[in-house]
Each structure stands twice: as structure tokens, then as C-alpha cells.
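**Q** Build the 3D model from these lines:
(one chain, ligands or ions: 1)
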Amino acid sequence: MDKKIIAALLPCAAGFAVFFSLALWVAKGSPGPAHGSGVSNGRKVAYRDDSAAVSDTGADVTGTSDQAVPAWPASDQAFVRVSDYAPDIRVNLKYAGRHNFTGKRIYDFRDAWLRCGTVKKLIKAQEALEAYGMGLMIWDAFRPAEAQEVLWTVCPNPLYVTDPDKGCSDHLRGNAVDVTLVDADGIELLMPTEFDNFTRLADRDYSDIDNAFAVENVKLLEKVMKQSGFKTSPEEWWHFTDSKSYEPAPTFVPAS
Ligand SMILES: [Zn+2]
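**A** Below is the predicted model of the structure:
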């Protein structure tokens, strides 16, 4: 080919390459400069700005899958410590520390407690996520009545917190759980918002979320939790309730 023609074509080719790269970047969804990204089990993922496998309370959030799992209680109604039966599920209870919207420590235990039947469903979800190189991290599980009173005092909005005088939070029944996604190392993945974001960004209409990674992650979490037997909350992407209900447990006291 004539050298003049090649010289004329070169800028066009370079321009096309830049354009193509940009189009691919936009199509994949830019994670934005504030978020880290990487590859987990062959799937491209994005992390929260402040993601790290650390607990808000200083407790160990790392799963210990080599521990012996005790025999299941006879009844699905029994309360169990989640980590006893599902050691691979990370636990980082937000209300056990001060990194929550109240700025206060709401309860004094660090382990997640739930009904036995609910834990069995959570294990099903965890196993489904492990196929993607992911897992669950629990932000809140059983929540005592006194804790609900404190949350209502700070946030008296029935859209986000159940008024203790008008109803019972499913967290007091021990069949509701607040969860997010982590990668195989326990690093939190990017989701539409942080925990207890009391805005419309936290609801299940994801059309206002401009990060494709966050939407993909939250949709996967929702799909897996539903398939495992949980119902969703319209206002909070992190909240899931076991489709089987239980009576409130106002007298249950979790071991700390
Ligand atoms: Zn919840």
C-alpha cells in the first residue's frame, strides 16, 4: 500500500480504537474512579469504596469452614447461632458497633442468631453464591425489642423502621436478615447503597442506579435469596424475610 495512504489511515485507525475502547467501557458499566474492581472466579466485580474484610466491631468476620458443624435441632423454630451451622457466611453486625445510622451501639452481642429453618435457607443461598465465587455477609439478624425501640426513636419513619407500638419487626421473629455480597475473600462487593441508606436509591427499583456492577450484584443477590425461600422488602435491597413466619421472640436473649 502507498505510504501516503497508510499515513492518512493511521489516525483514523487510532481514533477508531479509542472510540471502540470507550464504547466497550461504557457498555460494561464504568465502576467510577472511587471504586476498586477486580476479577472473582472469572467474573469481573467492583468493590465498595471502603471495602475490606474487616468488622465494624473488631470481631472476626472470616469464615472458618474447617470447624465441626453440630447436629441440627429437632425443630426449625429453635434459635441457632448462624456461624455454628454456616461458618462460611461472614458476619459483621452493624448494630453491635457504632458504624450505623444512630452512631450508637444498639446491642451487645456480635453473633448472628436466627431460626434454624431460616439458617437452612441461608445456607442454600450461600451455596448458590459460591458457584459465582461469592458469598453472604450478615449485617443484622435477630434484633431484640429494646433495639427496635432505639432504632424507632432515632428514625421514626415506618418506611424503614417498624414502629414498636404498631407492629413487630420480622427481625424480632428471628426470620429476617440483612445481607450483602462478598467475594471469596470476604471483601464487600459494590451494591446500590450502603446499609441503612434511607433514600429511594435503596429500594428495589434499580433504574436510578447508574453503576452497572451494583445493579448486576443486587439482582444476583435478590434472585438467589428468592430461590432459597426468602421474600424481599420493597424499600431496602439488603432486607430479606423467610417466607415461613414465626412468632415474635421478645424473651430470647442471644449469647454474646
Ligand atoms: Zn432488615
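
**Q** Please report how far the most centrally placed residue in the chain lies from residue 68.
**A** Nearest to the mean C-alpha position of the chain, by CA atoms, centre = their mean, lies residue 180 at 0.7 Å. Distance of residue 180 to residue 68, given as CB to CB, to the nearest Å: 28 Å. The way it works is simple: take the backbone N, C-alpha and C, and place the C-beta from them, glycine included.

**Q** returning to what we had before: name the element the residue nearest to the centre of the chain belongs to?
**A** Under the criterion of DSSP states H and E, residue 180 resides in strand 176-183.

**Q** what packs against that strand?
**A** Contacting strand 176-183 under the criterion 3 or more CB pairs under 8 Å, 6 or more residues apart in numbering; DSSP states H and E are the following elements: helix 116-130, strand 134-140, helix 212-227, strand 239-242.

**Q** Looking at that strand now, give me its mean pLDDT.
**A** Model confidence over strand 176-183, given as mean pLDDT, is 97.

**Q** buried stuff in that strand?
**A** Within strand 176-183, the residues scored as buried using 16 or more other CB atoms under 10 Å are 176, 177, 178, 179, 180, 181, 182, 183.

**Q** same deal with stretch 120-135?
**A** 120, 121, 122, 123, 124, 125, 126, 128, 129, 132, 134, 135.

**Q** and if you look at stretch 111-120?
**A** By neighbour count with 16+ other CB under 10 Å, stretch 111-120 contains the buried residues 111, 112, 113, 114, 115, 116, 117, 118, 119, 120.

**Q** now do stretch 92-110
**A** Residues of stretch 92-110 classed as buried under the neighbour-count rule (16+ other CB under 10 Å) are 92-97, 100-102, 106-107, 109-110.

**Q** Off-centre distance for it?
**A** Here stretch 92-110 shows a centroid-to-chain-centroid distance of 16 Å under the convention CA atoms, centre = their mean, to the nearest Å.

**Q** List the residues that contact the residue of the chain found nearest the ion.
**A** Distances between the chain and the ion by CB to the ion are smallest at residue 239, namely 3.6 Å. With contacts defined as CB atoms under 8 Å, 6 or more residues apart in numbering, residue 239 is in contact with 176, 177, 178, 232, 233.

**Q** near the ion, from those?
**A** The residues of the contacts of residue 239 that also fall near the ion, by CB under 5 Å from the ion, are residue 178.
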